[in-house]
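K.L.:
what follows is a predicted protein model with its sequence.
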Amino acid sequence: MEEVKQLTLDGLLKFAKVNDDNDFVSYVIPEILLSATSNDDARNTIEFSAEDNQKIVGYLLDGNSIKVLANGNVSEQPASFVLQVVADVTATAEIEE
């Protein structure tokens, strides 16, 4: 019987200032089995430290946008998958009169 290969991914996500790739907050993606995260209900939640959250807030306040960069490794090639990043952001606006 032939062994079924399981495609895995590991890598790094960076949330960076738009104009400075060297100023970023990063998250290490542990090795995950892609077939285990292939349905719409599968989610991995990233919990940042308070300091990292403040950096991301600062990026938004400085330029109103963030670059999300990703790199990683897959266990076999070619590989085809979608990496979707969804941010849940709560913002407070101050209006000057």
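P.N.:
Looks like it came in fine. For clarity, every value in this text was computed on a predicted model and none was experimentally measured. Numbering: from 1, shown residues only.

K.L.:
N73 against D10, yeah?
P.N.:
Yes - contact status for N73 versus D10: in contact at 5.6 Å, counting by C-beta atoms under 8 Å. Where C-beta positions appear, they are placed from N, C-alpha and C, glycine not excepted.

K.L.:
do a quick rundown of the strands in this structure.
P.N.:
Using DSSP state E, the strands assigned to the chain run over residues 8-17, 20-33, 66-74.

K.L.:
and the longest one, which strands flank it?
P.N.:
Looking back up the chat, that one is strand 20-33. Strand 20-33 pairs in its sheet with strand 8-17 (antiparallel), by DSSP bridges.

K.L.:
other residues contacting the strand it pairs with?
P.N.:
21-34, 46, 56, 59, 62-63, 66-75, 79, 81, 85 (C-beta atoms under 8 Å, 6 or more residues apart in numbering).

K.L.:
filter those residues down to the buried ones.
P.N.:
F24, V25, Y27, I29, I32, L34, I56, Y59, I66 (16 or more other C-beta atoms under 10 Å).
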